[in-house]
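1. When you get a sec, could you give me coordinates for this:
(2 chains)
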2 protein chains.
Amino acid sequence: MKAGLLIIGDEVLSGNVQDTNSSFAARLLFANNIPVQNILAVSDTEEAIKDGIHFLMDKVDLIITTGGLGPTKDDITKVAIASYFKSELVLDMQILQILEKRYAKRGIALNELNRGQAMVPAIARVIPNDVGTAPVFWIEHEGKTLITLPGVPSEMRYLLQNELLERLRDKFVNEAIVQVTLNAIGIPESDLALKLAIVEEKMEAANNHHEKYKLAYLPDLNCIRLQITGVGKNKDLLEQHVKQFQDEIELLAGKYIFAIGTETIASYIGKLLKERGATLATAESCTGGYLAHLITSISGSSDYYQGTIVSYDNAVKVKELGVSQETLDKFGAVSEETCREMLAGCLKKFGTTYAIATTGIAGPGGEVDGKPVGTVWIGVADKSGMKTKSYFFNRNRVENIHLFSVSALDLLRKFVKGIE
Amino acid sequence: MKAGLLIIGDEVLSGNVQDTNSSFAARLLFANNIPVQNILAVSDTEEAIKDGIHFLMDKVDLIITTGGLGPTKDDITKVAIASYFKSELVLDMQILQILEKRYAKRGIALNELNRGQAMVPAIARVIPNDVGTAPVFWIEHEGKTLITLPGVPSEMRYLLQNELLERLRDKFVNEAIVQVTLNAIGIPESDLALKLAIVEEKMEAANNHHEKYKLAYLPDLNCIRLQITGVGKNKDLLEQHVKQFQDEIELLAGKYIFAIGTETIASYIGKLLKERGATLATAESCTGGYLAHLITSISGSSDYYQGTIVSYDNAVKVKELGVSQETLDKFGAVSEETCREMLAGCLKKFGTTYAIATTGIAGPGGEVDGKPVGTVWIGVADKSGMKTKSYFFNRNRVENIHLFSVSALDLLRKFVKGIE
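-> Numbering: from 1, shown residues only, chains lettered A, B, ... in the order given. The predicted structure follows:
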């Protein structure tokens, strides 16, 4: 059982509108064991729509179209569909009555364009649309199913979730799906893959006609989401095997895995600090406020986060964080020594449980002797000790800032949890 | 001349990753007169990729693939492409050397998986990739062109803009294109469109067989990029007309337009401050470091930016910024009075030419009487005066933080330039 999405509209092809319908639909369908095999965006011409249906008919069992169901001239989805299935467009009295009621409520008489919205292909079964005027319909043809949805994201989401999902599950779903996501940080994708090669081999060996297992790597700069998926008839068995693979991965790469599910490193740190009733402040140089931003992106962060001093200027490091001019002169701003003094100053100023400090060179300018662009010293501390570490990233300015900040949060994670 | 995008990756089909590459590429290509005809997302299996290429080969002249170029097992784009074109994968010495150098710089030896990244189809021409390890290549076959790009958005964007666009224009575009982008801020898209309706009418009237003009609105939260495009044979004439339309737009909406071209409000502020030899510091509450991050995202910002105090906790507002407890008790943290005291404290602490302060409620929690989520007080000051203003945005937390910060930079722009 496979689904395909046909996204109809020139606004998507010109890049003027970011299509978010397909990822929403794909996620919802995937979670309900109706995996999407193809997403195809086409122009709103009759020919392009028919070509798209033709392509997908060959590949999938279920086609869901979005867009092109409005009342205006460029909305020709149903014309194309009727033509593809060699079916006539007929006036659907049920839709017409709903439209008349809806417009009457607003005190408006139906015009010719609105009335046209009640026309649907004769072979279609109409699905109630409580949230708009687009005609939603379901066609069965030679073992394949085609469903139309409007392009307006809120309507599309509502209708897919509330009107279609149960009907689709009833018709299509006869396998279970079990999925676990592990979030890893601080290791390159290829190194992680080498470590986990043996698990992948075991997954392949476990694949048979009844169950299929897969490990996907979803990298996002230096975070990697590891997704274990099992599909098959026997949900208990799938759960048992997926758990087994998860345990093996944690055994092999546990120290890189900071959370399960949709957690980010910032939300994980938030949970960790809340659990311990701990507070945090930061002293940033090269990260320029981005570390604070990652932390404060989390709703409720004011419970544990006190603030940051961004000392972009060295004079601010001296005045606000108590870094000594001597240290700056002798070791430079980007040094373990400066980082340690920033940490001490930050702890003293804010009186928090933990402090983080960053000092480095995000680039492209600012390279100094022996310290190339991309170098950073990061430190974390509490009242009983500190841990500092230097990192090197070879990216552009914005990515370096991101990597410095995420690494800083990861260093705090390891510090709090006592991971070496 | 038509292009097609082939988006490769199960993470897109499962909805786990929102594909933003295709809308970026579509917009850039469209603006350069290479319209995208189809966007097709396929699974990372050899068969699915080959099917996708086959479908697009039939429809378009240029196929750009994204994704599946990493070092791990599930990255099989080039295997599928080599198989589709019946070409062998061969070791490309140029890529291998670059990879070796890059890894040597980090002090790491190439492993088997990384070495595999230097394998490309024999018929391909390699395109330099300065921003990553994915093999980027260009294939010409029976009048059609296929190009590979990595799936990581930042790499994909960089390579498309900096390595491919000019090559593509040279090959595919035989008409001149003249384009000017005006960056507007602080006005809703629909209001701006009403103001500029007359310019759009003039553009339509100027369209004929030889020249075409178009005004595109590319909104990005509360910034709007206004793109005037002229396409035709006679470049001089296009330039003359586009300049004319630009002048009319500036006449009608000049006070909302802060820059021309690829400028952002942060880079514009940087230029403005540098020109005047001025310096800046910030005092942030609700923006939580994001305002500092926008400013320090600009390379060279250390020339004018001194730092920020993020006072997420009210105690920090009192201690670090000299906000009086009385003011906080009487008017609350989110008030004009607190904002003014934050400004005064910030100017005093940093001794800069200008200061910005923000205090508001990003949400979803934190609503107080008469101050709904999305309310913010923003202020800017120099030694001779201050200007404060309240704003209200109705978005999610991350978007509110962004809108607060961009509005703060815009308020500084108006303050420095004396715009009411």
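
2. hey, where'd the helices end up in the stretch 201-350 of chain A?
-> Using DSSP state H, counting those that start in this stretch, the helices assigned to the stretch 201-350 of chain A run over residues A:235-253, A:265-275, A:290-296, A:314-321, A:325-331, A:336-350.

3. swap in the stretch 51-200 of chain A?
-> With DSSP H, counting those that start in this stretch, the ranges of helices along the stretch 51-200 of chain A come out as A:77-84, A:93-105, A:112-116, A:153-159, A:165-172, A:189-195, A:197-206.

4. Any buried residues in the second one, and which?
-> When you say that, I think you mean helix A:93-105. A:95-96, A:98-99, A:103 (16 or more other C-beta atoms under 10 Å in any protein chain shown). The C-beta positions use only the backbone N, C-alpha and C, and glycine is treated the same way.

5. Residues contacting it, please?
-> With C-beta atoms under 8 Å, 6 or more residues apart in numbering or on different chains as the test, helix A:93-105 has contacts from A:109-110, A:114-115, A:117-118, A:120, A:126, A:128-129, A:133, A:135.

6. next one: the third one
-> Helix A:112-116 is contacted from outside by A:71-72, A:96, A:99, A:103, A:133, using C-beta under 8 Å, 6+ apart.

7. Next: the fifth one.
-> Among residues not part of helix A:165-172, those counted as contacts by C-beta under 8 Å, 6+ apart are A:1, A:28-29, A:32, A:34, A:61-62, A:127, A:138, A:145.

8. Show me which of those are buried.
-> Neighbour-count burial (16+ other C-beta under 10 Å) is assigned, among those, to A:28-29, A:34, A:61-62, A:127, A:138, A:145.

9. list the buried ones in stretch A:218-235?
-> Of the residues in stretch A:218-235, A:218-219, A:222-232 count as buried by neighbour count, 16+ other C-beta under 10 Å.

10. Within reach of chain B, which of the residues you listed are there?
-> For chain B, the contacts drawn from the buried residues of stretch A:218-235 by C-beta under 8 Å from any C-beta of the partner chain are A:218-219, A:225, A:227.

11. Dump these to CSV, plus pLDDT and distance to residue B:297.
-> Shown next, in CSV, are those (pLDDT from 0 to 100; distance: C-beta to C-beta, whole Å):
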residue, pLDDT, distance to residue B:297
A:218, 75, 25
A:219, 72, 22
A:225, 84, 25
A:227, 86, 31
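
12. Could you point out which of these is nearest to residue A:183?
-> Closest approach to residue A:183 among those (C-beta to C-beta): residue A:225, at 5.7 Å.

13. Tell me if I'm right that that closest one and residue A:181 touch.
-> Yes. Residue A:225 is within contact range of residue A:181, at 5.4 Å (criterion: C-beta atoms under 8 Å).

14. How far does stretch A:396-404 sit from its chain's centre?
-> 20 Å (C-alpha atoms, centre = their mean, to the nearest Å).

15. still on that earlier bit, buried only: go through the contacts of helix A:93-105 for me.
-> Among the contacts of helix A:93-105, those classed as buried by neighbour count (16+ other C-beta under 10 Å) are A:110, A:114-115, A:117-118, A:120, A:126, A:129, A:133, A:135.

16. now, which of those sits nearest chain B?
-> Nearest to chain B out of those is residue A:133 (C-beta to the nearest C-beta; 21.1 Å).

17. which non-adjacent residue is nearest that closest one?
-> Using C-beta to C-beta, 6 or more residues apart in numbering or on different chains and skipping residues adjacent in sequence, the residue nearest residue A:133 is residue A:117, 5.4 Å away.

18. before we move on, the earlier item: farthest pair within the buried ones among the contacts of helix A:93-105?
-> For the buried ones among the contacts of helix A:93-105, the farthest-apart pair by C-beta to C-beta is A:110 and A:126; their separation is 17.3 Å.
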